[in-house]
Structures are given as structure tokens and as C-alpha cells.
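> Provided below are the primary sequence and the corresponding predicted coordinates.
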Amino acid sequence: MSSTPTSSGALTDGMGRGAGPGAATFVLGLAYGAAASAAGWGGAVPLVFSVLACSGSAQFTLLATLPAAGAVAAVAAAVLINARYLVMSVALNDSLRGGRLRRALQAQALLDASFAVGHRGNGRFDVARIIGASIPQWLGWVTGTAAGLLAAPPARLMHALGADVVFPAFFLMLALDELRKSRRAIVAAILGAGIAAALLFVTSPGNALLGAAAAALAGAARRRRPPAQRSARTS
Amino acid sequence: MLWLPVLAVTAATWAMKAGGPLALGQRRLPPPAVKVISLMAPALLAGLIVINLGGTAWSDANWQQVAGVGAAGLARALRVPMLLAVGCGIAVTALLRHLLT
């Protein structure tokens, strides 16, 4: 019989599960630091940004769009790509404890991989495990950014070494764990991938990701039994 | 002036993460919403894989990366530990790119 894990046990467990995504985050942080250095952002701004926001998607979006689109459009694009955190924080709320502010503070630990690591099934989350999984990712992101700013490896070298495989591969590992939980999870994942793939042709990756989240609605749709089967059961 | 957009995005990220708890407080979600939420992780993870592979308007898509991610997934399905599986994927992509250049 398995015992209920304590908060410190769950925190440690989360840190262990977050080590892999943390290593991936280091590589991505390295690429971000190098790109920010090449864009002339200096050292302090990208590093403080990584410490405070710890959001690869939003930080890369701002870095890429600021020169061409201007501050307002670049900020809007970066904010939109993070709109998924609003969906995740609603999902997480039932598993949080305390008043609104305490809950809001706990929800700051949300990161993509941590959301998956902390999912216990049936819409419930282990908050200590989420916080634990976010610690190595935050460390990986910040140290990766610092290393990228210092070493500034050329983008071509990172590409040649296959660094672009790291993140999608880790997301695939986490997805495989989720798919083992139920048939509905498989349906939701297939739909999510299909929606994101189609939306990517017409809109930004952030919007495509929000569209993928909508697949959870379709995946949860209740299958109705045919009328004949229902009447046979009731007769 | 870089600090202003950087701080704006940071504050917006915090607000997004706080949004659910601040709006809902201790109110619990109805069972149908919980069912939807239980499928949010696989749907979002699948979407994240796709946008990581495709990039904006599929401009980043390349088959060596897809092959590497596929190799990592296959290794994991064969019960290879997670970090090692990802390492296999990186090696496959790096090797393919080395052979093609």
C-alpha cells in the first residue's frame, strides 16, 4: 500500500522530476543569453529578466519582436504567448490552500513542465511537487542565461549540436507519461497537436498553444450512448 | 529603453499566474470543469511539442529535429531513462546534421 507523500517528500520528488527539464532549460537559457548578447541587450537586462520572469517563450518573443514591431506590439505578443498560464492557474486553484494572496503566491511556481509533473490525475495537482519541479528549472534558466551571456556560443554551433531537440523531446517525455493515464488523455493530446499544427499556419505560436488547450474541452466531452442501447438497458 | 518592456512582460507573467487564484479564491470548480482540467496537461504538452517543432508559421520545421525528437520518444518507449533518451535524440539530430554538411 502506498503512503501519502509529505510536503517535503513531494518537494524532493518534484525536484528530482524537474532535473531533466531543468537541464533542458539550461540549454535553452544558454541560447537565450547568447541571442540577447548578440542583440546588444547587455548583461544586466537579460539576466534580471530571467530571474524575475523565468519564461522562455515570452522572453524569446520579446527579444525577437522588439526591434521590428516596437515596444507595445512586442509586449503584447509576449504577454499573449503567456496567456496559457491564466488557464493553468485556474486549473491549479482547486489544489491550492489558503486565501487568495497565498494561493496567488503559490501559483507563481507554475512552469510548463511543472504543470505536467504536478498533475496527479482527475484534475488534481500536487503543489509541493510543482514547486519542487520548478526549482531546478529556474536554476537552469538563470544559470543558462548567464552562461550564454558570458560564452555567447554561435547559433550555428547550437544548431549543429542538436540543441533544438532538447525542449520538444522533454515535452514528449512528459506527454508520454500523461498518455498512460487514460484514453481521454490520448484523444486530448491528438486533438491538441492537430489544432496547434493547423493554427500555426495562420497565427502566432502563443495563439496556437491556446487553441491546443481548447482540445481539453473536446476530449472531456461525454460520449452519449445510442438511444437503442439506452432503452435496452432501461427495459 | 529595454527595462520598461522587460518589466511589463514580467508583471504580466506574474498576473497571469495569479489570475486563477485571485479570481476564484476558495470557490471550487464544478465537476465538468475539473474533467476538462484533467485533460489540460496532455493537450498543452502536445501543443508545446508542435509549436517547438514548427515555430512561427512552420518556418523552423526541419526533419533532422523531428527525427531526433522521434528517436528520443522511441528510446523512452523502450524504457530508457529520461535524460538518456533525450541524449539519444540530440545525438541522432547532431549526427544527421554532421553527415549532411
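Thanks, I have the structure now.
> just the helices in chain A please.
A:7-38, A:44-53, A:56-69, A:71-81, A:84-93, A:100-106, A:112-117, A:127-151, A:155-160, A:166-179, A:183-199, A:205-213, A:215-220, A:227-234 (DSSP state H).
> Switch those helices over to a markdown table; also include mean neighbour count.
Every residue, glycine included, has its C-beta placed from N, CA and C. Below are the helices of chain A laid out as a markdown table (neighbours: other C-beta atoms under 10 Å in any protein chain shown):
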| stretch | mean neighbour count |
| --- | --- |
| helix A:7-38 | 22 |
| helix A:44-53 | 19 |
| helix A:56-69 | 20 |
| helix A:71-81 | 19 |
| helix A:84-93 | 24 |
| helix A:100-106 | 18 |
| helix A:112-117 | 26 |
| helix A:127-151 | 22 |
| helix A:155-160 | 14 |
| helix A:166-179 | 24 |
| helix A:183-199 | 21 |
| helix A:205-213 | 24 |
| helix A:215-220 | 22 |
| helix A:227-234 | 9 |
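> Redo those helices as CSV? Include distance to chain B and mean pLDDT.
Formatted as CSV, these follow (distance: least, C-beta to the nearest C-beta, whole Å; pLDDT from 0 to 100):
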stretch, distance to chain B, mean pLDDT
helix A:7-38, 5, 90
helix A:44-53, 4, 97
helix A:56-69, 5, 82
helix A:71-81, 4, 83
helix A:84-93, 3, 90
helix A:100-106, 3, 95
helix A:112-117, 5, 91
helix A:127-151, 11, 96
helix A:155-160, 6, 88
helix A:166-179, 4, 86
helix A:183-199, 4, 93
helix A:205-213, 3, 83
helix A:215-220, 4, 78
helix A:227-234, 20, 48
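> Which residue lies nearest the spatial centre of chain B?
The centre of chain B sits closest to residue B:48, judged by C-alpha atoms, centre = their mean, with a distance of 3.5 Å.
> Can you name the next helix or strand after the helix or strand that contains that residue?
Assigned by DSSP states H and E, residue B:48 belongs to helix B:40-54. Using DSSP H and E, the helix or strand that follows helix B:40-54 in sequence is helix B:63-77.
> Show me which residues of that following helix are buried.
By neighbour count with 16 or more other C-beta atoms under 10 Å in any protein chain shown, helix B:63-77 contains the buried residues B:64, B:65, B:67, B:68, B:69, B:70, B:71, B:72, B:73, B:75, B:76.
> Could you identify the least confident member of the residues you listed?
Taking the buried residues of helix B:63-77 together, the minimum pLDDT is found at residue B:76 (91).
> Please look at that one and residue B:85 and confirm they touch.
Yes. Using C-beta atoms under 8 Å, residue B:76 is in contact with residue B:85, at 4.2 Å.
> Now for those two: what residues contact both?
residue A:173 (C-beta atoms under 8 Å, 6 or more residues apart in numbering or on different chains).
> Hmm, residue A:29 is touching residue A:144, no?
Yes. Judged on C-beta under 8 Å, residue A:29 makes contact with residue A:144 at a distance of 2.2 Å.
> that older thread, do you know which of the helices of chain A lies nearest residue B:23?
helix A:84-93 (7.6 Å; C-beta to C-beta).
> name the helices or strands packed onto that closest one?
helix A:112-117, helix A:205-213, helix B:3-24, helix B:40-54 (3 or more C-beta pairs under 8 Å, 6 or more residues apart in numbering or on different chains; DSSP states H and E).
> what residues does the longest one touch?
What that stands for is helix B:3-24. Against helix B:3-24 from outside (C-beta under 8 Å, 6+ apart): A:45, A:48-49, A:52-53, A:55, A:58-59, A:62, A:66, A:71, A:74-75, A:78-79, A:82-83, A:85-86, A:88-93, A:96, A:100, A:103-108, A:110.
> before we move on, what about stretch B:81-97?
Counting by C-beta under 8 Å, 6+ apart, A:19-20, A:23-24, A:159-166, A:169-170, A:173, B:64-65, B:67-73, B:75-76, B:80 sit against stretch B:81-97.
> With just CA atoms, put that stretch into PDB.
The C-alpha coordinates for stretch B:81-97 follow below in PDB (Å, rounded to 0.1, in the frame of the first residue of the first chain):
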ATOM      1  CA  PRO B  81      15.800   6.700 -18.600                       C
ATOM      2  CA  MET B  82      14.500  10.200 -19.500                       C
ATOM      3  CA  LEU B  83      17.800  12.100 -19.700                       C
ATOM      4  CA  LEU B  84      19.500   9.300 -21.700                       C
ATOM      5  CA  ALA B  85      16.500   9.200 -24.100                       C
ATOM      6  CA  VAL B  86      16.800  12.900 -24.700                       C
ATOM      7  CA  GLY B  87      20.600  12.400 -25.200                       C
ATOM      8  CA  CYS B  88      19.800   9.800 -27.800                       C
ATOM      9  CA  GLY B  89      17.600  12.300 -29.600                       C
ATOM     10  CA  ILE B  90      20.200  15.000 -29.500                       C
ATOM     11  CA  ALA B  91      22.900  12.600 -30.800                       C
ATOM     12  CA  VAL B  92      20.600  11.500 -33.700                       C
ATOM     13  CA  THR B  93      20.000  15.100 -34.800                       C
ATOM     14  CA  ALA B  94      23.600  16.100 -34.400                       C
ATOM     15  CA  LEU B  95      24.800  13.100 -36.400                       C
ATOM     16  CA  LEU B  96      22.300  13.600 -39.200                       C
ATOM     17  CA  ARG B  97      23.400  17.300 -39.500                       C
END
